[in-house]
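Engineer: A predicted structure for the sequence below; I have some questions about it.
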Amino acid sequence: MGKGIASLGPTELAQLLLIAAVVVTLVFSSPLVGLSLTQAESTTLGDGNATVAAVSVDVTAVQITPGRFGTDVPYLRLPDAEIDVDDLEGYPRLVYRVEVPALDLDLAATKRIQETGPTTVRLSDAALAAEQLADSYGGRVTIRVQSLSSDYTVFNESTTIEVTS
């Protein structure tokens, strides 16, 4: 009628043990038991603080240039921001922002700080309306460290944005 465990062959026994291990793992990691099999890590942006040692942004590289490949669309070209983080607690983020009020532009990129050392925050170039542009515009470049407990500026510089042809 039924076979006992002792009468199972090596392959059948291995399959039975594998199934038992999977069932036990699923039961213990289920919400009913609540045992976590992974390290709990906060992924919430904004928790924590960071000390920034240096910030490098070439604000003279913020400029408006013609579109590539013969397009008639001007682009606001934006350099990368290089930030060197000395100390880190939790998971704050960096906010890299470029504002050009006369063009009604306010562009921002955020990046969660995951470790100390150098990190790069990138803003994508922005296409502008193909209209008559002035020779230059005033702009502001800022970089902030932001968390739920603090929000402070580590770089804040005005710049003249040249329009090239």
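Structural biologist: Received it, and whenever you're ready, just let me know what you need.
Engineer: The most centrally placed residue in the chain sits in which helix or strand?
Structural biologist: For the chain, residue 111 is the residue whose C-alpha lies nearest the centre (C-alpha atoms, centre = their mean; 3.1 Å). If you go by DSSP states H and E, residue 111 is part of strand 105-112.
Engineer: circling back to that earlier point, quick one, what contacts the residue nearest to the centre of the chain?
Structural biologist: 93, 94, 96, 119, 121 (C-beta atoms under 8 Å, 6 or more residues apart in numbering). Where you see a C-beta, it was placed from the backbone N, CA and C, and this is true even at glycine.
Engineer: same thing but 6 Å
Structural biologist: Neighbouring residues of residue 111 by C-beta atoms under 6 Å, 6 or more residues apart in numbering: 94, 121.
Engineer: Tell me, what's the model's pLDDT at it?
Structural biologist: Note for residue 111: predicted pLDDT of 93.
Engineer: Can you name the residues bridging to it?
Structural biologist: residue 94 (DSSP bridges).
Engineer: picking that back up, could you give me the buried positions within the strand holding residue 111?
Structural biologist: In terms of neighbour count (16 or more other C-beta atoms under 10 Å), strand 105-112 has its buried residues at 109, 111.
Engineer: Repeat that for stretch 136-154.
Structural biologist: 137, 139, 140, 141, 142, 143, 144, 145, 146, 147, 154.
Engineer: so after the helix or strand of the chain with the lowest mean pLDDT, what's the next helix or strand?
Structural biologist: Of all helical and strand segments in the chain, the minimum by mean pLDDT, DSSP states H and E falls on helix 10-28, at a mean of 78. For helix 10-28, the following helix or strand on the C-terminal side (DSSP H and E) is strand 47-56.
Engineer: tell me how far that next one is from the chain's mean position?
Structural biologist: 15 Å (C-alpha atoms, centre = their mean, to the nearest Å).
Engineer: angle of it against strand 105-112?
Structural biologist: 120 degrees (axes from the mean of the first three to the mean of the last three C-alpha atoms, to 10 degrees).
Engineer: Strand 47-56 - contacts with which helices or strands?
Structural biologist: For strand 47-56, the elements it packs on are strand 81-91, strand 151-163, judged by 3 or more C-beta pairs under 6 Å, 6 or more residues apart in numbering; DSSP states H and E.
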